[in-house]
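> Fold the following.
(chains A and B, ligands or ions: 4)
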Amino acid sequence: MVRIIEVGGLSYRYNEDQPWVLRDLSFSVNKGEWLAIIGHNGSGKSTLAKCLNGLILPQKGTVHIGGFDTKNEKTIWDVRRMVGMVFQNPDNQFVGATVRDDVAFGMENNGIPREEMIRRLPEALRFVKMEQFAGSEPHRLSGGQKQRVAIAGIIALQPLIVILDEATSMLDPEGRRDMIRTMRYLNRERRLTVLSITHDLSEAVYADRMIVMNQGEIVREGTPRDIFQSPEFLEKIGLDLPFAVKLGHVLYEKGVPLTDAALSQEELVNELWTLRSNM
Amino acid sequence: MDITFEHVTHVYNPRTPFERLALDDVNLFIPSGSYTSIIGHTGSGKSTLVQHINGLLKPSKGRVTAGKITIDANEKKPNLKALREKVGFVFQYPEHQLFEETIIKDVCFGPMNFGVPAAEATTRAEESLRLVGLPSSYWHRSPFDLSGGQMRRVAIAGVLAVHPEVIILDEPTAGLDPQGKREILHLFDKLHKNFNLTLIMVTHNMGDAALYSDQVIVMAGGRPVMADKPEKVFAREEELRKIGLDVPETMMFLDKLTAKFGAGQISPVFTIQETADTVIRLLNGGLENV
Ligand SMILES: Nc1ncnc2c1ncn2[C@@H]1O[C@H](COP(=O)(O)OP(=O)(O)OP(=O)(O)O)[C@@H](O)[C@H]1O
Ligand SMILES: Nc1ncnc2c1ncn2[C@@H]1O[C@H](COP(=O)(O)OP(=O)(O)OP(=O)(O)O)[C@@H](O)[C@H]1O
Ligand SMILES: [Mg+2]
Ligand SMILES: [Mg+2]
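Residues are numbered from 1 along each chain as shown, chains lettered A, B, ... in the order given. Ligands and ions are numbered 1, 2, ... in the order given. Take a look at the predicted model:
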């Protein structure tokens, strides 16, 4: 297994007279893995994301991406090419005057040959259903359309690693499903490594592994099943349980003898079905 | 204050190659003291619609009336300051409405702008920041040195501090952590119930629209295609799916369960408790009891 991201003893603060916002983080991510990162507002998730593509540098510790140290100026562009990031607010990400230019600009910056650019551009816009808006100004789109364009920009780059920082927060239910489906497809079929920062716990249950942040520290790490085993702890740090888990608990309290901790709606349906068949 | 849309059309960038029809002959009524949710697919015109209510956008055709103030396509814009004192607006992206040097100044700006004395404005600002759960250690920092969810909290506090009669929330819970989301929705519900505040919430969360509002407006292609009580709107599942929407998680789950059990469709339920009770009825006896 290839460790594509390695973080060792990472600490960061925005200002010397402000508290540390990342404290001594250590973890690694394997190539092709899907990692979900959850944590309360201000727990340091976006700051961590910015450390992973070298936008900001560790003040203590190290970050290695594909073996390159982000502190090494000579390889910083290699790092940036490997990591595609969809920011929490897409407005911060747009550079082009039109949607088409914006997506093309990112590719040009990454040194993608022209013929390849011409091939990828319509494909990326089609992925996010924004072909019709190719000539529009990115700043004059609806909130969800902006998010779609930001995602197209990253898909076109075909990076090794994608970091989604709340990238579906403004999408309608169908758009959200489409986007997760696309990312899961790329994750499985092209071994894209995905780091998904999200407050949507029902989305997090599909991850291979999860990291829970609290006040700048990693306080839990494990499979979604492990993580959602401790509801009191999650609640204490401002988090919650996915819908299916919560419903399972309520059913259990009302006397339904559920055994397995179902994480997703499908799993809970199946468990209830088995239960009824044995009744 | 009652809010009325009469034949409102909005065209962005008219007479240019970028011309786009965003609202198409909209007629709507939002009664004073109601809690209205607006749902609709991406680009369906939700943000454009609500920005007409406090005069951020002017209709290309038709007119919008909020209380005593009317904004008519064919007339000069009326005094918007009087309108904005009564109608607060939390933007879809909160950074668009933060601008002061410190958080506390940012939240004080609204009330002071409408003539509230500095001391009183500060009291209100502190109170509002506490309500949205931003610790006081942050108050003297720049609003731009905040995380996404913290910025959203400050933007909401800024609107609360003005004590408006109507609050428009464009995706207010996007980016909030689960606890923050629960607390903010609870806060709005309380303000609505205790102070008869009129609330208009644009949301992609079907569950929130169902749980809190008296009226759900469904937008599609620049027009309201449904406007009714939540239990009526969410009973029209097929139509909602067709326009990229969905039903709340509670109903989605029961749909999956009834499909597996071979039971018929169930009427809308929105809380976890009701969902659990329905599941138990399904387990115990089957369909007749549901
Ligand atoms: N540019 C900045 N300057 C100073 N402090 C900052 C800056 N950006 C963020 N912070 C602070 O750093 C901490 C971590 O912020 P970060 O944006 O990483 O949180 P987050 O986990 O992404 O939160 P959210 O869920 O709200 O997006 C917060 O306390 C925040 O106030
Ligand atoms: N400033 C603008 N200039 C030109 N067109 C715009 C502008 N703002 C929005 N539009 C277009 O108007 C239509 C309606 O946009 P609006 O922002 O009202 O959608 P929305 O329902 O709020 O969508 P979302 O859920 O994505 O936020 C969209 O097709 C959008 O591209
Ligand atoms: Mg963040
Ligand atoms: Mg919008």
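> Let's verify the spatially most central residue of chain A: helix, strand, or coil?
Taking Cα atoms, centre = their mean as the criterion, residue A:196 is the residue nearest the geometric centre of chain A, at 1.5 Å. Look at residue A:196: counting by DSSP: H, G, I helix; E, B strand; the rest coil, its state is strand.
> what sits against residue B:269?
Residues near residue B:269 by Cβ atoms under 8 Å, 6 or more residues apart in numbering or on different chains: B:250-251, B:254, B:275, B:278. In short, each C-beta sits where N, CA and C put it, glycine included.
> how about it, phi and psi?
When read as degrees, to the nearest 10, the backbone of residue B:269 gives phi -130, psi 150.
> Distance check, residue A:178 against ligand 1.
23 Å (Cβ to the nearest ligand atom, to the nearest Å).
> Go ahead and confirm that residue touches residue A:144.
No - counting by Cβ atoms under 8 Å, residue A:178 stays clear of residue A:144, with 11.4 Å between them.
> So those two - more neighbours on which side?
The residue with more neighbours, out of residue A:178 and residue A:144, is residue A:144; 25 against 19, by other Cβ atoms under 10 Å in any protein chain shown.
> which SS class is the nearest residue to the more buried one once chain neighbours are set aside?
Closest residue to residue A:144 apart from its sequence neighbours, by Cβ to Cβ, 6 or more residues apart in numbering or on different chains: residue B:42 at 3.3 Å. Secondary structure, three-state DSSP: residue B:42 is coil.
> the helices in the stretch 151-279 of chain A, which residues?
In the stretch 151-279 of chain A, the helices defined using DSSP state H, counting those that start in this stretch lie at A:173-189, A:201-204, A:224-227, A:231-236, A:243-253, A:265-277.
> Just send those helices back as TSV, with mean pLDDT and distance to residue B:17 too.
As requested, the helices of the stretch 151-279 of chain A are exported to TSV (pLDDT from 0 to 100; distance: least, Cβ to Cβ, whole Å):
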stretch	mean pLDDT	distance to residue B:17
helix A:173-189	92	26
helix A:201-204	89	38
helix A:224-227	94	48
helix A:231-236	92	51
helix A:243-253	94	45
helix A:265-277	93	45
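> Now render these as CSV, adding distance to residue A:17.
Output for those, formatted as CSV (distance: least, Cβ to Cβ, whole Å):
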stretch, distance to residue A:17
helix A:173-189, 39
helix A:201-204, 35
helix A:224-227, 35
helix A:231-236, 29
helix A:243-253, 41
helix A:265-277, 47
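> To residue B:91, which of those lies closest?
Proximity to residue B:91 (Cβ to Cβ) singles out helix A:173-189 among the helices of the stretch 151-279 of chain A, at 20.0 Å.
> what does the stretch 1-150 of chain A put close to ligand 1?
With the criterion set to Cβ under 6 Å from any ligand atom, the stretch 1-150 of chain A comes near ligand 1 through A:14, A:21, A:39, A:41-47, A:88.
> rerun at 8 Å
Selection of the stretch 1-150 of chain A residues close to ligand 1 by Cβ under 8 Å from any ligand atom yields A:14-15, A:18-19, A:21-22, A:39-50, A:88.
> Are any of these buried, and if so which?
Among those, the ones that count as buried by 16 or more other Cβ atoms under 10 Å in any protein chain shown are A:21-22, A:39-50, A:88.
> of all these, which two lie farthest apart?
Comparing the members of those, the greatest separation, given Cβ to Cβ, is between A:40 and A:50, at 18.1 Å.
> mind checking which helix or strand whatever residue of chain A ends up closest to ligand 2 is in?
Residue of chain A nearest ligand 2, by Cβ to the nearest ligand atom: residue A:144 (2.7 Å). Element membership of residue A:144 [criterion: DSSP states H and E] is helix A:143-157.
> and the angle from that helix to helix A:173-189?
10 degrees (axes from the mean of the first three to the mean of the last three Cα atoms, to 10 degrees).
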